[in-house]
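Asker: turn this into a structure:
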Amino acid sequence: MRSDPPLAAELAAHLLRQRDQGAEGLLRRFFRQYPKLGKRDRARIGDLSYFVLRHLRLLGWAEDPATPLENWIEQADLTPLAQRAQTWLAEGAPPPDPALTTAQRLSLPDWLCDALLAERDEAELTALMAALQQPAPVDLRVNRLRTSPTKLQARLARDGVETTPLPGIADGLRLTARRNLRNDSAFADGLYEIQDAGSQLIAPLCGAQAGQTIIDLCAGGGGKALHLAALMGDQGKIIACDVHAHRLDRMRPRLKRAGARSVEIQPLTGGDDDPALTPWRQQADAVLVDAPCSGLGTLRRQPHLTWRLRAEEITRLAALQTQLLARAAQLVKPGGRLVYATCSLLAAENQAQARAFDAAHPDWTPLPTQDLLRHAGMTPPGLWREESVDPWLRAAPQDQSSDGFFAAVWQRSE
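Answerer: Numbers count the residues shown, from 1 in each chain. Model prediction:
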C-alpha cells in the first residue's frame, strides 16, 4: 500500500477536479477504490488531504515561490505539497515569511482575500481563516418529534457516543470526538439530524407556530424544513420547494425517518411566474430563502471551495439571490415574515443583499434577529458584538465554532 502523502495528494487533486460536488460524498467514493484501508487510515489520509487544500497556496509558495497558484490548482500530482504538509503537521509550520502578501499568508486567492476584507479588517480575517482551517466538530439537532435532548444524550451515551449541549441552542448537541454516525441506530430511528450549530439558528427566525403555512423556497435536502416541522410540532403546512428535483428526492427518506408529515414537497421550474407558486401569493405566514451561495462559511468541511470559486461566480450568485428575494416577497401575506439566509462570508451575498432589499421595499420592516432568537429560546453566547447596530445574524466560526452564516429578516406591512 502506498504511503500517506501520495494517497492524500491523489485525494486532494480529486477534490479539486470535482469542483461542483460536496466533499463528503467525494471522500466516500474515493476510498471505495482502496477497500483495504482501515477507518484510522482513511481518517489520517483525509485529514492530510484537507490540510493540503486549506494551505494550498502557502504550501505551494514554500515548495516553489516561482510556481503560479493556478499551476498548483490544476496540478495532477500534489505529492510534494502533501509531503511538506505531513512535515508541518509533525513539526509545526515555519513562521511566515514577511515578504508574503496577506492572501499568500492566509492561503487565499487574491480576489477572494480582497472580497473578504470588504467588511472586516486584516486581524479579523486572520482570526476567521484560522478558525476555517480547523476541522469542524459534529453537531446534532435533536428531533423533538421523537425525543428530547436529555433522552437522546442518554441513548447515545449507552451506545458509546459522548455529547455535550450546545450553549444557548435549544436542541443542539455536539460530539466530544468526531465520528461517522450514518450507521448509528439513534440516527436510523430519526432521533436527530446532523446539523451544524450555525445552521440550527436559521429556522427559528421564521417564528413558526403550529397551524401556520411556511414556504421553504430553496429547500435542497430538507434540513431546515425538518427543523421547521419540529418547531411547529408537525402541525401546519411546510411547502418545501426547489428547482433541483434530485435534491428534493433525497428529502423523502429523511421526512419518513423523522416522522415529519407536515412537509409537502414541491418541485419548481425556476421561472419568475412558476405556476406551482401562483396559489401561494400573499398566503404564507413566513417564507425562508436559504439561498444558493458560495458556501464559503463551510470551508472547514469543504476546503476545495476556496479554489473552485471565481469572482464572476459571485456576481452570478448575487443576481440569483436578488431574484429569489423578490420572488419570495410576493408569497408573504400581510404581517408575515421573510427570512433570507446564506452560508456565505461575502458582503456581496449578505449585507449588500439586505441593504438592496431595504432600499427596494420601504414598506417592509427589518426585524432584529437577536430579539427573534431570544424569543425562540436561542441565546448562543458571543453571537452579537456589543457595538453592533445592524439587525442581521452573522454566525462566525471564530466566535461560535460553527460554520459561517448570515441571515436577515423582514416583516411585511399589514
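
Asker: any idea how far T102 is from N350?
Answerer: Separation of N350 from T102 (CB to CB, to the nearest Å): 21 Å. (Each C-beta comes from the backbone N, C-alpha and C, glycine too.)

Asker: tell me the mean pLDDT over the helix or strand where L156 lies?
Answerer: Assignment of secondary structure by DSSP states H and E places L156 within helix 149-158. Taken as a whole, helix 149-158 has a mean pLDDT of 97.

Asker: for the protein, which spans come out with low pLDDT?
Answerer: Filtered on pLDDT under 70, the chain yields the residue ranges 1-3, 19-22, 385-388.

Asker: report all helices and strands that the longest strand belonging to it contacts.
Answerer: Across the chain, the longest stretch assigned as strand under DSSP state E is strand 332-342. Using 3 or more CB pairs under 8 Å, 6 or more residues apart in numbering; DSSP states H and E as the contact criterion, the neighbours of strand 332-342 among helices and strands are strand 284-290, helix 311-329, helix 351-360, strand 405-412.

Asker: ok, which of the ones you listed comes nearest T79?
Answerer: Taking CB to CB as the measure, the helices and strands packed on strand 332-342 were each checked against T79, and helix 311-329 came out nearest at 29.2 Å.

Asker: what sits against the spatially closest residue to V52 that is not a sequence neighbour?
Answerer: Closest residue to V52 apart from its sequence neighbours, by CB to CB, 6 or more residues apart in numbering: A12 at 4.5 Å. Under the criterion of CB atoms under 8 Å, 6 or more residues apart in numbering, the neighbours of A12 are 49, 52-53, 56, 78, 81-82.

Asker: in helices, which of the residues you listed fall?
Answerer: Using DSSP state H, the subset of the contacts of A12 located in helices is 49, 52-53, 56, 81-82.

Asker: what number of residues lie near R374?
Answerer: Residues near R374, counting by other CB atoms under 10 Å, number 12.

Asker: again with the one 3 residues further on
Answerer: When counting by other CB under 10 Å, one arrives at 11 neighbours for G377.

Asker: list the contacts for it?
Answerer: G377 is in contact with A170, counting by CB under 8 Å, 6+ apart.

Asker: and A186, by the same measure?
Answerer: 152, 155-156, 159, 192.

Asker: how about it, secondary structure?
Answerer: Look at A186: counting by DSSP: H, G, I helix; E, B strand; the rest coil, its state is helix.

Asker: equivalent analysis for R394, please.
Answerer: When classified by three-state DSSP, R394 comes out as strand.

Asker: for burial, what's the neighbour tally of the closest residue to it other than its chain neighbours?
Answerer: For R394, ignoring the flanking residues on the chain, the nearest one in space by CB to CB, 6+ apart is F406 at 5.5 Å. The number of residues packed near F406 is 28, by other CB under 10 Å.

Asker: pull the contacting residues for F406.
Answerer: F406 sits next to 297, 341-345, 349-351, 392-395 when contact means CB under 8 Å, 6+ apart.

Asker: nearest to L175 among those?
Answerer: The shortest approach to L175 among the contacts of F406 belongs to A395, at 19.0 Å (CB to CB).

Asker: list the buried residues for the host helix or strand of I45?
Answerer: Per DSSP H and E, I45 falls inside helix 39-54. Applying a neighbour-count criterion of 16 or more other CB atoms under 10 Å, the buried positions in helix 39-54 are 42, 44-54.

Asker: just put the residues you listed in JSON lines and tack on distance to P96.
Answerer: What follows is these, written out as JSON lines (distance: CB to CB, whole Å):
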{"residue": "R42", "distance to P96": "31"}
{"residue": "R44", "distance to P96": "26"}
{"residue": "I45", "distance to P96": "27"}
{"residue": "G46", "distance to P96": "26"}
{"residue": "D47", "distance to P96": "22"}
{"residue": "L48", "distance to P96": "21"}
{"residue": "S49", "distance to P96": "23"}
{"residue": "Y50", "distance to P96": "20"}
{"residue": "F51", "distance to P96": "16"}
{"residue": "V52", "distance to P96": "18"}
{"residue": "L53", "distance to P96": "19"}
{"residue": "R54", "distance to P96": "15"}
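
Asker: which of those lies closest to W307?
Answerer: Nearest to W307 among the buried residues of helix 39-54 is L53, at 7.3 Å by CB to CB.
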